[in-house]
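1. fold the following, please.
(one chain, ligands or ions: 3)
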Amino acid sequence: MVSDTIFAMSSGAGRAGIAVVRTSGPRAGEALGAMLGGKGLPQPRRALLTAVVDPRDGITIDRCLVLWFPAPSSFTGEDVFELHLHGGRAVLDAALAALAAFPGLRPAEPGEFTRRAFDNGLLDLTAVEGLADLITAETEAQRRQALRQLEGGLSAKVQAWQTRLVKLLAEIEAWIDFPDEDLPENLVAGHAREVEKLALEIEGALASGLSARRLREGVMIAIIGPPNAGKSSIINRLAKRDAAIVSEIAGTTRDVVEVHLSLSGFPVTVADTAGLREAEAGELDPIEREGIRRSRDRASSADFLLGVFDLRDFPELDRETLGLLSEKSLVLLNKADLVSEPDASLLQWQSGIAPETICISAVSGAGFNALEAALEKRLRAELSDALAAPGFSRLRHEQCLRDCVVALRRFDPRAEVELQAEELRIALRTLGRLLGRVDVEDLLDVIFRDFCIGK
Ligand SMILES: Nc1nc2c(ncn2[C@@H]2O[C@H](COP(=O)(O)OP(=O)(O)OP(=O)(O)O)[C@@H](O)[C@H]2O)c(=O)[nH]1
Ligand SMILES: [K+]
Ligand SMILES: [Mg+2]
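-> Numbers count the residues shown, from 1 in each chain. Ligands and ions are numbered 1, 2, ... in the order given. As a prediction, the model looks like this:
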């Protein structure tokens with residue numbers, strides 16, 4: 001099947017020093033030759049500084065770097081060339097118009113270059129997802145995770161499982177031709193052991209996938225506490241901007257206010273919430289009541305909490321807030337600037353009782369170094385699996401692996417060989433689906449739709 005030749009600007013929108021326009025497909029070589037004014041194609045994979053012309057009138061568009069990647073050694077696996085043009089609007093318009101006018105060329109659709117790389121077997125689906133994650137990575141840890149996935153960290157694991165399953169399946173299928181003979185006892189035991197081992201390994205990967213998903217999506221931290229404790233002041237200091245309204249009026253925050261931060265290179269979403277307070281029916285207005293409902297909601301879905309109190313209320317701290325804190329949570333006693341001497345009972349509480357307690361001041365910034373260090377420790381623990389090895393970072397991966405484990409757990413080494421083989425084939429198919437090598441057509445559209453044009 002001969003595909004169209006496609007082109008697009010692959011660098012970001014807006015005026016820039018350099019803009020990259022990429023062309024891929026069977027007519028790429030012809031188009032490049034015409035744009036170089038018939039001087040022949042440059043050496044493959046070597047940058048050439050040259051004049052690029054509009055083939056319609058021979059007028060020079062720009063003097064720029066040109067790269068030629070003949071098939072199959074290119075990103076898409078097709079003939080590809082890149083123009084590294086000066087990134088002005090008029091230069092780009094002229095280059096894109098010249099390409100559009102060339103017979104057989106058309107603008108690319110979103111994700112179409114990557115789609116071709118996938119169709120030509122250069123990237124499997126986990127690598128495609130890694131590429132998408134790399135383009136959107138916002139923190140150092142996310143970048144590393146995405147790159148490992150793009151480079152085949154997940155594929156390698158899945159392929160190793162596939163190889164073992166195929167070997168097992170071949171051994172079992174060999175007996176299908178002898179329906180009257182039972183499998184020798186030592187083989188039955190060996191198969192049972194191998195399937196059990198595979199199931200355990202995949203379950204282990206599922207468990208550490210949680211950490212990979214947190215790394216991809218960001219760890220959720222919620223700030224909770226009684227009204228006026230200084231929750232909004234704290235999120236503003238963490239975000240280094242005025243994300244939430246601060247006032248001396250109790251009950252200022254109603255909606256959950258989220259900020260995305262990179263803390264020591266780790267992605268987090270911190271949520272500021274409405275102050276928790278109990279009141280007689282009718283005492284709180286319905287909007288604040290709804291705000292408090294949202295706070296509790298957010299507290300229950302967060303990975304861990306920062307419980308904030310006014311230091312001057314110590315030791316009578318709000319019971320509801322305390323009740324929501326897990327041992328991963330942190331207690332922040334705020335407004336330390338208003339208290340001269342920490343009293344003995346406070347020191348004792350700080351040293352002895354979980355959860356860990358830090359005295360801070362959102363106004364002076366005192367204690368924020370200790371707070372950030374404590375947060376980093378928790379993030380490292382939360383993400384440790386994902387930092388150690390590439391993990392299954394998407395719900396889609398989790399679903400495939402779960403289906404695989406279900407099939408393996410159904411495998412019965414004493415059942416008829418046809419039934420045994422069938423479970424192994426199902427397990428293999430789920431792994432194939434994870435890599436995008438079986439029945440994936442409907443999935444593809446979903447995944448490639450998230451790419452932008454030129455990728
Ligand atoms: N002196 C001092 N005042 C603070 C500190 N943190 C917050 N405040 C003040 O305390 C008041 C309440 O602060 P907010 O940040 O709005 O408190 P909140 O917990 O978000 O309040 P609600 O949203 O109403 O629940 C404001 O007047 C702040 O300026 C602090 O560390 N020291
Ligand atoms: K307030
Ligand atoms: Mg607030």
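
2. does Ile234 lie in a helix or a strand, and which?
-> Following DSSP states H and E, one finds Ile234 within helix 231-239.

3. which elements pack onto that helix?
-> strand 219-224, strand 257-263, strand 266-272, strand 304-310, strand 330-334 (3 or more Cβ pairs under 8 Å, 6 or more residues apart in numbering; DSSP states H and E). For every residue, glycine as well, the C-beta is placed using N, CA and C.

4. ok, and what's touching the strand or helix carrying Arg380?
-> Per DSSP H and E, Arg380 falls inside helix 368-388. The contact list for helix 368-388 (Cβ atoms under 8 Å, 6 or more residues apart in numbering) reads 141, 145, 207-208, 210-212, 214-215, 219, 221, 237-238, 263-264, 266, 268, 303-304, 328, 330, 332, 356, 358, 360, 391, 393.

5. ok now that helix, how far from the chain's centre?
-> Distance, stretch centre to chain centre, for helix 368-388: 18 Å (Cα atoms, centre = their mean, to the nearest Å).

6. what are the buried residues along it?
-> Buried positions in helix 368-388, judged by neighbour count with 16 or more other Cβ atoms under 10 Å: 368, 371, 374-375, 378-379, 382-383, 385-387.

7. check stretch 103-115 too.
-> 105, 108, 110-115.

8. close enough to count as contact, Asp62 and Ala95?
-> Yes: look at Asp62 against Ala95 with Cβ atoms under 8 Å: they come within range, at 7.0 Å.

9. identify the contacts common to the two.
-> What both Asp62 and Ala95 touch, as defined by Cβ under 8 Å, 6+ apart, is the set 52, 83, 85.

10. from the residues you listed, which are also near ligand 2?
-> The subset of those within reach of ligand 2, counting by Cβ under 5 Å from the ion, is empty.

11. out of those, who's nearest ligand 3?
-> Taking Cβ to the ion as the measure, ligand 3 lies nearest Leu85 of the shared contacts of Asp62 and Ala95, at 49.4 Å.

12. shouldn't that closest one be within a strand?
-> Yes: judged by DSSP: H, G, I helix; E, B strand; the rest coil, Leu85 forms part of a strand.

13. and it, how many residues sit next to it?
-> 25 (other Cβ atoms under 10 Å).

14. am I right that it is in contact with Cys64?
-> Yes: using Cβ under 8 Å, Leu85 is in contact with Cys64, at 4.9 Å.

15. anything in contact with each of those two?
-> Joint contacts of Leu85 and Cys64 (Cβ under 8 Å, 6+ apart) are Val52.

16. counting by contacts, list what the helix or strand Ala31 falls within packs against.
-> Assigning secondary structure by DSSP H and E places Ala31 in helix 28-35. Judged by 3+ Cβ pairs under 8 Å, 6+ apart, the packing partners of helix 28-35 are strand 60-69, strand 80-87.

17. contacts only, for Ala98.
-> 35, 53-56, 61.

18. cool, and Leu395?
-> Arg213.

19. and it, how close does it get to Ile426?
-> According to Cβ to Cβ, to the nearest Å, Leu395 and Ile426 sit 20 Å apart.

20. ok, now Asn228?
-> Taken as Cβ to Cβ, the span from Asn228 to Ile426 is 58 Å.

21. show me which of these two is the more surrounded one.
-> Asn228 (21 against 16).

22. in a strand, the more buried one, correct?
-> No: assessed by three-state DSSP, Asn228 does not belong to a strand; its assignment is coil.

23. report the contact partners of it.
-> Asn228 touches 248-250, 275, 310, counting by Cβ under 8 Å, 6+ apart.

24. just Leu419 next, same as before
-> Asp412.

25. what average pLDDT does stretch 209-223 get?
-> When pLDDT is averaged over stretch 209-223, the result is 93.

26. that one near ligand 2 anywhere?
-> No: under the criterion of Cβ under 5 Å from the ion, stretch 209-223 makes no contact with ligand 2; the nearest approach is 12.7 Å.

27. so how far is that stretch off the chain centroid?
-> Distance, centroid of stretch 209-223 to centroid of chain: 10 Å (Cα atoms, centre = their mean).

28. what does stretch 415-435 give?
-> 29 Å.

29. and what of stretch 47-59?
-> 40 Å.

30. flag every buried residue along it.
-> 50, 52-55.

31. and what of stretch 138-158?
-> Buried, per 16+ other Cβ under 10 Å, within stretch 138-158: 139, 141-142, 144-150, 152-155, 157-158.

32. list just the nearest of those residues to Gly291.
-> Thr139 (29.8 Å; Cβ to Cβ).

33. just the pLDDT at that closest one, thanks.
-> On the pLDDT scale, Thr139 gets 92.

34. quick one: it and Pro267 touch, right?
-> Yes: between Thr139 and Pro267 a contact is recorded at 4.4 Å, counting by Cβ under 8 Å.

35. circling back: so which of the contacts of Ala98 would count as near ligand 3 as well?
-> Of the contacts of Ala98, not one also sits near ligand 3 (Cβ under 5 Å from the ion).
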